[in-house]
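Colleague: Fold the following and give me the result.
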Amino acid sequence: MNIKDNGPENDAKLRQRAEEIVQRKEGPSPENLETVSHEETRRIIHELRVYQIELKMQNDELRRAHAELEAARVRYFDLYNLAPVGYLIVSREGLILEVNLAAVNLLASARAVLIKKPITRFILEQDLGIYYQHRKQLWVTGKPDACELRMMKNDGTTFWTHLTTTAAQDAEGAPVYYSVLSNITEREREQK
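Modeller: Numbers count the residues shown, from 1 in each chain. From the prediction side, this is the model:
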């Protein structure tokens, strides 16, 4: 929901829903209002005014919190997607769940092509043992682990990467890997 969704149209919808709830609930009906004293009517009106002000204050606070969350989401998007290194979230089964723009560029593939694909599809066959040992070490120790291996772009060209992975849990509590890919091809060429 955007902040602009809290305008007059949304207020009217909320009012209509509140009216429907009041009509369904038992309460003093219009024909019984004559039995309510003048003092009781004043007290009820006072309570309603206080309640109205409380609701307005709560609504203002919710709008402020929503704006802060939206700003944080935009910052997260920028940090995650525009980072100079590739970020991947990989399921325990090894499927790519999320990928940032740098990883998309490193693997020379579209984001939609990468999602739900096994990460091993992009690791050079000769280096799969390094990757499997890396994952095993990560789950045995529970500590972040790093390795260097060769990966393949979608077009088949290879590059060296420094892979740092941390074990974590997603929002539902399922185990996932957070991986950072750094292209170290130039460093590897210089060392040879």
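Colleague: tell me the SS of Arg150?
Modeller: Assigned with DSSP: H, G, I helix; E, B strand; the rest coil, Arg150 falls in the strand class.
Colleague: Any idea how many residues pack against it?
Modeller: 17 (other C-beta atoms under 10 Å). The C-beta positions use only the backbone N, C-alpha and C, and glycine is treated the same way.
Colleague: Contact partners for it?
Modeller: Neighbouring residues of Arg150 by C-beta atoms under 8 Å, 6 or more residues apart in numbering: 123-124, 126-127, 158-161.
Colleague: Bridging across strands, which residues link to it?
Modeller: Beta-bridge pairing of Arg150, defined through DSSP bridges, involves Trp160.
Colleague: Start at 818, not 1
Modeller: Sure, I'll start numbering at 818, so the last one becomes Arg967.
Colleague: Which residues are in contact with Phe976?
Modeller: Neighbours of Phe976 in contact, by C-beta under 8 Å, 6+ apart: 923, 967-968, 970, 1000, 1002.
Colleague: Can you name the two of the residues you listed that sit furthest apart?
Modeller: The largest separation in the contacts of Phe976, counting by C-beta to C-beta, is between Leu923 and Arg967 at 12.2 Å.
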